[in-house]
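Student: Sequence isn't available, so here's the structure alone:
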């Protein structure tokens, strides 16, 4: 009687080999050096209607390699609030309507390095006392952990 292949042993081994081969590139990518951004921002000082205050958002490369492309740091402001920004290490400009300030940080932000922007926030005259939320976010296309790339801050109008 001819012997028949034992699929019960061969098939599981073939499947395991295929799975290990497919997982190898993903495992290698997880250990290769990469840039990873993290954003921090403290609430600005309270501001009276018609007045202004300063916001100092910080973006840090907490990864293991320099950024391979430019990073954009955005400050999104609520209605009734406009901003303008400056930074020694970035080029900042205000987008149309004044509710977003964008600061472009050149590629090459080293691991552990941080860039701070200074954004002057101006509140429209006649605003009632209230607390408004704004957002700071950093954008890097290949960031492996984008969950730490944005933070909410509060503007207290007194």
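Tutor: Okay, I see it. These figures come from a predicted structure and were not determined experimentally. Residues are numbered from 1 along each chain as shown.

Student: C-alpha only now, for contacts and for neighbours.
Tutor: Fine.

Student: got the phi/psi numbers for residue 148?
Tutor: Its backbone dihedrals place residue 148 at phi -100, psi 20, with angles given as degrees, to the nearest 10.

Student: separation between it and residue 41?
Tutor: Counting by C-alpha to C-alpha, to the nearest Å, the gap from residue 148 to residue 41 is 12 Å.

Student: residues in contact with the lengthiest strand in the chain?
Tutor: In the chain, assigned by DSSP state E, the strand with the most residues is strand 130-139. Strand 130-139 is contacted by residues 37-39, 41, 57, 59, 71-78, 149-158 when judged by C-alpha atoms under 8 Å, 6 or more residues apart in numbering.

Student: Note down every partner strand of that strand and its orientation.
Tutor: strand 71-76 (antiparallel), strand 150-157 (antiparallel) (DSSP bridges).

Student: so where is this protein shaky, pLDDT-wise?
Tutor: Where the chain drops to pLDDT under 70, the residues are 1-30.

Student: Which residues are in contact with residue 31?
Tutor: Residue 31 makes contact with no residue, according to C-alpha under 8 Å, 6+ apart.

Student: Quick check: residue 84 touching residue 101?
Tutor: Yes: using C-alpha atoms under 8 Å, residue 84 is in contact with residue 101, at 6.1 Å.

Student: Common neighbours of these two, please.
Tutor: 92, 93, 94, 119.

Student: how deep is residue 84 tucked in, by neighbour count?
Tutor: 20 (other C-alpha atoms under 10 Å).

Student: Look at it and tell me its secondary structure.
Tutor: Put simply, residue 84 is strand when judged by DSSP: H, G, I helix; E, B strand; the rest coil.

Student: So what pairs up with it in the strands?
Tutor: Counting by DSSP bridges, residue 84 is bridged to residue 120.

Student: Could you pull up the contacting residues of residue 64?
Tutor: 33, 34, 35, 36, 111.

Student: hang on, the earlier thing: what about burial for the contacts of strand 130-139, which qualify?
Tutor: With burial judged by 16 or more other C-alpha atoms under 10 Å, the buried subset of the contacts of strand 130-139 is 37-39, 41, 57, 59, 71-77, 149-151, 153-157.
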